[in-house]
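**Student:** Just the structure for this:
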Amino acid sequence: MHHFSDLFAQLGLPNDNLAIQHFIASHFPLSPDFRLPEAPFWSPAQAAFLHEAILQDSDWVEMVDQLSVALREV
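**Tutor:** I've put the predicted structure just below:
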């Protein structure tokens, strides 16, 4: 089981609470037209990781889904 902050670390992003809040605020709201890995702010490696996590239903998928929701909720 991974924590939300672990996903940010895995993506090579700062993973303290303030940095996570800033990331979400900076990229909110993500258009419903984009699947999370297709968002324009990811590097190719980050997008590939997110895509594979979803495709393979890996142990990261729950945190990936949580990030997707956080970027879209009002």
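
**Student:** Assign residue 50 to helix, strand or coil.
**Tutor:** Each residue gets one of three states, and residue 50 gets helix by DSSP: H, G, I helix; E, B strand; the rest coil.

**Student:** Next one: it, what pLDDT does it get?
**Tutor:** The model reports residue 50 with a pLDDT of 98.

**Student:** ditto for residue 22
**Tutor:** Note for residue 22: predicted pLDDT of 98.

**Student:** All the helices of this protein, residue numbers only.
**Tutor:** Ranges of helices in the chain, per DSSP state H, are 4-10, 17-27, 44-55, 61-70.

**Student:** Show me what the second one is packed against.
**Tutor:** What that stands for is helix 17-27. On a contact count with 3 or more CB pairs under 8 Å, 6 or more residues apart in numbering; DSSP states H and E, helix 17-27 meets helix 4-10. For every residue, glycine as well, the C-beta is placed using N, CA and C.

**Student:** pLDDT (mean, whole number) over stretch 53-73?
**Tutor:** On average, the pLDDT along stretch 53-73 is 95.
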